[in-house]
Each structure stands twice: as structure tokens, then as C-alpha cells.
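Chemist: below is the sequence, then the predicted model.
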Amino acid sequence: MSDLQSPTSAAAGKATDDAPTTSTAGANAPSAPTGTGRSFLPQSTLPRHLVVLVLSAVLAVVLLEVSSPYQNSQIATLSYYAIAAGGLTVLTGMNGQISLGHGALMAAGAYTTALFLDADEPLPLPVILLAAIVVATVVGALVGVAAARLHGPYLAGATLALAVGLPGLAIYFHDIFGGEQGMRVRAPQAPDAFESFVQTVSGNNASSTKWLAYVGVICLLITYFFLANLVRSRIGRTWRAVRDQEVAAELAGINLGAWRVLAFVVSAAAAGLAGGVLAIVVRLAAPSGFTLVLSLALLTAIVIGGLGSLLGALLGSALLVFLPPFVTNLGSDFGLNGTEAAQLAPFVYGVVLIVAMIFAPAGFVGTIRLRRMTAKARRGSAAQAKAAGANGG
Amino acid sequence: MDYFVNVTITGLTQGIIYSAFALALVLIWRSTRIVNFAQGSMAAATTFIALALIQAGQSYWVALVVALVSGFVLGALVERVIIRPVEGGPELNAVIVTLGLFVAIQALIAIIFGSSFQSFPTPFGVRGFQVGGSTIPLTPTSLYVIGSVLITMALLVALFRFTRVGLAMRASAFSQEVARLLGVKVGGMLTLGWGLAAVVGSLSGLLIAGGGFVYPAYMDSLIVFGFVAAIIGGLDSPVGAIVGGLILGLALSYVNGYVERGSALVSVAALVILIVVLLVRPGGLFSSTTARRA
Amino acid sequence: MTAIAAATVASTLAACGGGDDGSSSSAEGGGENEASDIGVTEDSIKLGAHYPLTGVAAPGYSEIPTGVQAYFDCLNKEGGVYGRDIEFIFKDDAYNPSQTSQVTNELVLEEEIFAMMSGLGTPTHSAVVDFLNDEGVPDLFVSSGSLLWGENPEEYPMSFGWQTDYLSEGKIIGEYIANEFPDAKVGLFLQDDDFGQDGEEGIRQYLDDQIVAAERYVPGNTNVGPQIAALQAAGADFVVGFNVPSYTALSQLTALQLGYDPQWFYSNVGSDPNLVGGLLNRFSEGKVSDAALLDGALTTGYLPTVDMTDNPWIQEFSRIWDECGGEGELSNYRVYGMSQAYTMTQALQAAGQNPTREGLVEAVEAVGAEWEGPVFAPFRYSEDSHLGTSGMTIERIVGNGSEEVQPVRTTDIGDAPIEEFDKEPATPPANGIPDEEAYEG
């Protein structure tokens, strides 16, 4: 089992170009139904995911009603990071393409949402978010086609330029997009049904912050349901084939370029939705909200969480949202002033990234899966040895 | 005509700094096949060390030497301690490690040196030369910048071409196993490579700082444009880094100077140039290897 | 809301027993302190603000909250307002509107401030003005001259400006140049947002045919070479800049590199000679020294500056800074902060012993225009306008200080004419603490 871990650290050498097959969570997630009937969830994919969806929805409502308004706003922030991270982990984990530019795709979704909400009689929210998805998908298709021929650092460089370049367009066309100041977004009002829902469930007040948190969580659940089904389907398997064995896949008749573009498009759609939710939650679509830092943060979140795993994307996003204030408060308690404490958070985050990559390169989810599989294999081989021993006498 | 000369000179001066940074990235890529996203903040860290020395009364030149030496030490240390464990693994992990370094070092600079804008001096004047009645944007400082980068590049070429150490480094980059068989200490060569690259990076950080403001994130735009320049030239090629940097510097300067409200379009222009180059040659302008399949 | 009601009931019951009045600094002594609204307890009021403590706008502006804090510390020592301590919480937004949105969220939802005061920046504060007004949080004395927080009280009833708005400033500048420099070819160096836009609109009302170029910069991109070169190429011999202080330094430096030497006029927010001189000082190992570049530049003023050592307000603020301030010297930015804190104290006093958010806003609207303070001209607060002070002087920078070249003139937005202003400047009260009566709405 030792080759599933990254190579021993004694040997100095180059990083490989190979797709991250061994030490990622994605490689270890089976696409067929799990063999033993141990879990209480149904066997086949769709009903299984539906049950998980319903359970998660209930859990989310409980969480939202129990937490304070400020925590509600944090959950709203978490939701748009997690939506984008989910798309990105599918792209990078399942299909092996590294993108440093998903912040720009989020910007496309956010600006679309801002433009639509700017009208005097705005369209209903689901329609607007759908428009955001469509616009981001189109941009993603363009980028995906250009990127399909690129590998590794060249793809990274192109997407990096995208991340930095696209917000520049918003500044140039400042009459439409508001320039550096950005476009203010009037948050959509909650429907009356929402107020009665919240009153019946918990008796809390239905503030606009809470409504935005619900919008974010609903979008998150829908996105993850969709992505999870995609990952376990034939499409997911084809993506992994393209990632792992290009030549064999092509011999099997798979058009590499088309499938790569599809992966890019799916992740772009997720990023567009995330951008739309961001515009509504932050109440602003401005170039300063889509810096390079955002794209890099998404990438680090999915790798720490576990590449290819949606749960990993969610955990990585949670780390991104909840670690900084935790560290900042810790810093203030230790006597640092406001600005210094604020800098402590990125420092700790950077250190966490380094340490995680050296000691747990499969990310959180991946490392847990590896441990479980190792334990199972050990039990399995111990049982075999016993059986062999018993047989052999 | 005047204006054109001004814009061109500005472009060349800016471009040569991009070239220096791109060169540092190429050096690291050739030896370890890792893109070092932390190059910029490592350079910023050494610049702040230099600034602290200058504010304590030392001369610019002493501070420069100390900054370059500390850059070497920092680069070697980073390779040995942090990068070595992830070198053989998937490249994404190495990317994340360098990103983590980037974030952590920048935050550390802010904690230790503060986040405020500080002026960084230059040992030469900042007034443009007078040529035939009008002033061109070439200052003594820009001559110093161009000169330093050219000298550094010449030194590196000399190192790689004409010394045994340089030969050993090129061998380690080309084929590790064979180099080991020939008795080259590959690990040591990699560390040396990172150290040298860090020195070049530190130099570019100091050059861009002189006569301007420094703050913890001041290298961020250089990181982006330096990386783009390296990719345009081809990550495998030092010549490509230089050419890519100059092309990028000139092109961006023309956009800035001739397009209405061009300063907003600079990053878009970089993106367009990059896409155009990569569509024609997916490995960069000077790439030598054709695409490899698994 | 239920939490507030519970708190009010509980504290009223608790206060029924005791007989605590407010202490020395309030007008009447009768009645007890209650927790009358979010962010108000019996002995404290919580105020919040956002400033660029890091980033490109931090030079200068990051000192403003230290001034506010020093004033409130001295005020609290003297008993605060109606016996309540003022708790002032400010957070960094790095002049980044997305971050402003985040820290304002924290201030309103997590810290539960009573009111925001002095939120700094046009692009930054415009990102949160909707949120503050929707949540019913008073948004007083925004540190920006944009028209957004004063022109239309129906749209933003909770927001109030404080300093002279950029449009009026542009008008005063334009009139001055048209009168004194009728042959000048004027170029504009503007921040690419409402700040620059409002200033430009004001100037063009008086100077439209003299303007030969208008260049814009985006805060964050520190290369202003193209803009300055364009101004030079257009032949401008007089440049008016609506920019933040670091861009004053950058424009000076770039002009030096290009050998360009027009007459400079910097709007008030970007012109502090100490700060700019300090930034410029170190560039070529002292060859470019303190403010030498800025000498002779023109600017505007609506507050006394630290070089006016005879001015009674400056003397009072110096005393306050010595007693309650932190590191460093009293600077014009700290004077600005203290002056805002002075106005805030007037507002809290006028809001009465048990202030509510609505009551605070009503009080400012009703009596704010009568208040006297360090600002040269009165505020314009009324039902129809939430704009701040209306007048400015024109000053010429000399060394680290300035000399007046045109006395206070006042104007208003739109077509309002520019008029002379001859009221005597107010003198500071004892201890530098105002004494306003509670407004009975």
C-alpha cells in the first residue's frame, strides 16, 4: 500500500507532470455502488443522493435557525465559496486541469446578476441566477476551448492571466460596470412565505441576512446534488479516463478535447452561480472582490479538503471562511493590535497549506479515505493469512 | 515622435524587470519543474530587510549586498526544508506549497515590518535626462536597472556555460539519474539552483522598489506579469524569459500610452498576448520539446 | 427586536431601584440611563467605523481613527455623554469595497454597533450605504465628500456627510482659477470613481473652456506615468488633482521624472504637506527633500491645520492629543478625526439621555445646522439635505504649512452661487467638550 502515499522524501527530484492519480481523494472514490451493504443508504446512486440531499437540507435549516445573524452571514459566505470550490474540484480532481482563474468566472456571474438586478422591475431571482450561470458557462466554454491544448503550468499561467485580466474589462467599461467602484446590488426581498416558514420553524425573525443565507444554502445543495450525480455517472468515468490514460482513452474513441471542455464548462457554470450568490450576499460586484487571491484561495481550499471530493470542497471552504476570524480573535486575545492580528490569519493559513501538503498530501478527505482503505486492507490480508495458515495447518 | 520614444523607453525599462523575474522562475522550473509562486514574496522579504538596514543608517550598496545574500540563503533553505518533501509528487501539491509560502511570507512581512507604504530610495537620480530640449523618461535609475539586469544575465550565462558547477547544474536538470551516476550531487545542485534563482528574484524586487513605494504586496503585479512573460517565452528557455519580458513590457507600455484609458486595459492586453502566443505555440515561443503524451 | 425589548424591560426594572443620573457633562440631570437601542447600554454607547489601515490609501487616512479615539478617550475621562462611555470600534478595509462590505457586516451584525460614524472612502462606503440604510443603522459624518450621502435624504435617510462635498469644492476651485488664472490651460488628474467625477463636475461649471485634458487613475495601479505624460502632452500648465495622498506623491514623482512642472492644485483630501513630503523624502536618499516639490502648490481648507499654532482649536486639540493620544505628533488627519468626534459628541448630546437610532438621526437633521465647531462654515443638515459643511478657503502650501490666499467662501450643490462668508470662527468650549441641549422631537 505504500506506493499510494507520495514518494519518500529522501529522494530529491522534480515534480512530475503526471495527473494526480495516486494521492487524491478522487482516485479513491468508487464510481460503482459500494460492494458491501454496510451503510444504511440505498445502493444505487440517485436514491442515495436524494436521501443525502434531504438529510442535508434538514441539517442546514437547523443550523441556520440555531445560529446568530452574524453566523448566518458567515454561512452565506461559505455557500458561495463552496459552490465554486465544488465545480473546481470536479475540474481539477476528476479531469486533472489546474485553473487559477475561477475567480474571473465568478466575476462574470456576479456582474450578470448585478446588471439584471439593476433593472427597475427585476426578474425573479431563479431566472437571474440562471442567467448568471449561462453567461459564465459561455465564458467558460471559450476559455475551455483555448485551454484544451494546454497542460500543467501553461494552463495555470493562462488561467492566471484570465483571473487578472477579466476584472480589468469591468474597469474599462466603467459606464456599464461601474469601474473600480463596482455595481451596488440591492439584495432581493424575501417572499412572504419565507417569513411564515421561519416563524413556524423557530420563531426567529426573518431578516434579510437570514434570507440571503437560505438562498446560498439552497443553491449549494442543488449544485452539489447535480455535481455528485455527474461524478458517479458515465461522464465522471470518462473524465477520469481522460485524466489518467490519455492514449488509451483516445484509442477507445473518446475525444479528449471535447471532454476537457465539458469539464471546464461544468466548473464554470458552478463558478457563475457562486458569483451570482456572491453578488447578492456581498451586495456589491466590484473588481476588488475578484482578485487573484480569490482564485488562489479556491484552489488551496479544494486541495486541502481533498481533491475530487465534494465533501472536501465543502470542508476546504469552511476552513477558508472560519479560520481567519478564529485566528484574528486569537491574535487580539494575545495582545496584537487590530492590523497585526488581521495579518496573523493569512500567515496561519499559509503555514497550514505547507504543512498539509507535506504531511497529508491527499487532503483531509483523501487522507481519511486512505487510512480507512489501509485499515481494511490490513484486516483483509490478516484474515487471508489466518485462513491460509489455518488451511496450511 | 517624442512621445513614441518616451513610451518605448518606459516599456523597455519595465520589460527588463519582467525579464529578470521571469528568469528566476525559469531557473527554478528547469531544475525542479516547479513553478515557484513564492518567488515574489521571497523577493519582497529581502527588500524589506534591505529597507530596514537603510533606515538604520547603512548605505544602499551594503543593503543591496545583504539583500542578495539573504535571498540566496532563503532560496536554498526553502528548497531544502519545504520543497524537498514534495518534489517527487504530483505537481499540484508543489503548487499549493509555493502558494502557501507566498501567503505566509507576505503576511509575515506585514507583521514584522508593518503594512504601511514606505519609500525605498535609489542611489541615483530620479530626474529624466534632457535630450535635445525635452526630457525623456530615462533616468539615471533606469540606466542602473537595465545595467544590473544585463550584468546578472551575463554572469548567469557565464556560470552555466563555462564553469563545472554550471555544467553539473545543467546535467542535474536534464537527467537526474545519469547525473547521479556521474557523481554529481543532484540534491546539492537543486538547492544551489533555488538559491541562485532567489538571488535573481531579490535583485528584481530591489530594482523595481528603487525610487518608489514598497509595501508587503508590492511585488504582486510583478509576479503575474513575470509569470506571463516566462510562459510567453517558454518555461524551459532562459532566452525566452528575456524575450518574453521585453515583449510584454513594450506591448503593455504601448497599450498604456496609445489606447484611450489604456491603463485599465493593461491586464487584458497581457491576457490577449498570452492566449495568442499559446494558441500558436502551446509551449511558449522558444519551447523546444514538442507536446508529450502519457 | 425581542432581545432589545427584553433588555429594555430588564434594565428599566433594574434602574427603578437606583437613582443614577447622568453626570456632569449633560444638560439636565433628571431621569435614568436605559439600554434604549442596539449598541446602547446604561453606561456605554458603541460606535463603529471602517478605514483603510493598510493598502494604497492608508498613508494619512490611517491616522484619522487615532484622532477620533483620542478625543473620545478624553471625553470619557470627563464623564462621556450622559454618563456613558463612548466605545469606538474601527476595522480595516484596505480601501477595498468588498472588504468594506465584510467588515461592515461584522460591525453591524456581530459587534452590534449603535451607529456608524466616519466611514472612510467614496468607493468603499458606497458599497455599504444601502446595507446601513436598510438595516436602519445611523451612518453619520461619512469621511468623504461624495454627494451620495447627503444629496437625497429620501433615498438614504440614515446617512449624513460631514466635510465639504467634492462638487462644491470643485466649484470653489473652478471659480478661483477662472478669476486668478484666466489664461491657464488646465489639466485634471482624477480618481476614477464618484470622488473624481463629482470634483470634475464642479470644476467644469466654471472652467469648462479652459480644460485641455482629464486623466483618470485607478487606486491600486501605482504607475501613473501614462496619465502624467498625457497631461504634459496636452500642454496643461495648471493641473488640478482630486486624488488620495499617495497619488499626490506619485504624481509629483512622475512629473519629476518627466521634467514636467505645472502649477499644481490638490484637493483637500490629498494635500497634507507633512505626509506627502515624508513620502517623497526618501526617494533619492534625501535628494528630494521634505515637501520641496509641493511648495507653491495650492489647496483648499475647511478646518484649521496644525501649523496654525495660534488657532484656539489647534491648541485645544494639541492638549487633547498630549493627554489622551497615542504615538506620534498631532497631524492634520488627527485634527480631522477629532473634529468629527466633536461633531459626533454634539449629535449624541442632542439625541437625548436615552438615544434611539431614529432619534439620533432626527436630532442631527433638526439642529445640526446650528452647531458650531472647528469647521469654518456651518453644516447644511435639514430635511432636504444631509450634506456637511459648505465652505472652503484656498491655501498655498509653504513648507510644512500653508498661507491663506482666499478667505472662506460658501456654496451648495447644483447651480447655487458662491458667496462670501463673514461669520466669526467659533471658539472651543472648556475642555474641548461641547454642551448641546437634547432635542425634543
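Modeler: Received, thanks.

Chemist: contact partners for the residue nearest the centre of chain A?
Modeler: In chain A, the C-alpha closest to the average C-alpha coordinate belongs to residue A:85, at a distance of 1.5 Å (CA atoms, centre = their mean). Residues in contact with residue A:85 (CB atoms under 8 Å, 6 or more residues apart in numbering or on different chains) are A:298, A:301-302, A:305, A:313-314, A:316-317. (Glycine included, C-beta is placed from N, CA and C.)

Chemist: for chain C, which segments count as helices?
Modeler: Ranges of helices in chain C, per DSSP state H, are C:2-17, C:58-61, C:64-77, C:97-105, C:122-125, C:129-134, C:166-180, C:194-207, C:225-233, C:245-258, C:273-281, C:312-324, C:332-350, C:357-367.

Chemist: do the last one and chain A meet at all?
Modeler: No. Residues of helix C:357-367 are not located near chain A by CB under 8 Å from any CB of the partner chain, the shortest gap being 15.7 Å.

Chemist: quick one: that helix to helix C:332-350, angle?
Modeler: With axes from the mean of the first three to the mean of the last three CA atoms, to 10 degrees applied, the angle from helix C:357-367 to helix C:332-350 works out at 100 degrees.

Chemist: mind listing what's buried in helix C:357-367?
Modeler: C:357, C:359-367 (16 or more other CB atoms under 10 Å in any protein chain shown).

Chemist: in JSON lines: these, plus pLDDT and distance to residue C:64.
Modeler: Formatted as JSON lines, these follow (pLDDT from 0 to 100; distance: CB to CB, whole Å):
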{"residue": "C:357", "pLDDT": "95", "distance to residue C:64": "24"}
{"residue": "C:359", "pLDDT": "94", "distance to residue C:64": "27"}
{"residue": "C:360", "pLDDT": "95", "distance to residue C:64": "21"}
{"residue": "C:361", "pLDDT": "95", "distance to residue C:64": "23"}
{"residue": "C:362", "pLDDT": "94", "distance to residue C:64": "27"}
{"residue": "C:363", "pLDDT": "94", "distance to residue C:64": "24"}
{"residue": "C:364", "pLDDT": "94", "distance to residue C:64": "20"}
{"residue": "C:365", "pLDDT": "93", "distance to residue C:64": "25"}
{"residue": "C:366", "pLDDT": "93", "distance to residue C:64": "27"}
{"residue": "C:367", "pLDDT": "93", "distance to residue C:64": "25"}
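
Chemist: so how far is residue B:284 from the closest residue to residue C:317 other than its chain neighbours?
Modeler: Spatially, and ignoring its direct neighbours in sequence, residue C:317 is nearest to residue C:338 (5.1 Å; CB to CB, 6 or more residues apart in numbering or on different chains). From residue C:338 across to residue B:284, the span is 58 Å (CB to CB, to the nearest Å).

Chemist: more crowded one of the two?
Modeler: For residue C:338 versus residue B:284, the count of surrounding residues by other CB atoms under 10 Å in any protein chain shown is larger for residue C:338: 30 against 25.

Chemist: still on that earlier bit, of the contacts of residue A:85, buried ones?
Modeler: A:298, A:301-302, A:305, A:313-314, A:316-317.

Chemist: put together JSON lines for these, with pLDDT on each row.
Modeler: JSON lines is the format used below for the buried ones among the contacts of residue A:85 (pLDDT from 0 to 100):
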{"residue": "A:298", "pLDDT": "92"}
{"residue": "A:301", "pLDDT": "92"}
{"residue": "A:302", "pLDDT": "91"}
{"residue": "A:305", "pLDDT": "91"}
{"residue": "A:313", "pLDDT": "94"}
{"residue": "A:314", "pLDDT": "95"}
{"residue": "A:316", "pLDDT": "94"}
{"residue": "A:317", "pLDDT": "95"}
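
Chemist: and the residues you listed, which two are the farthest apart?
Modeler: In terms of CB to CB, the buried ones among the contacts of residue A:85 reach their longest pairwise distance at A:298 and A:314, which sit 12.6 Å apart.

Chemist: give me the neighbour count for the residue of the stretch 201-350 of chain A found nearest chain C.
Modeler: Evaluated by CB to the nearest CB, the stretch 201-350 of chain A has residue A:289 as its residue closest to chain C, separated by 3.5 Å. Neighbour count of residue A:289, defined by other CB under 10 Å: 25.
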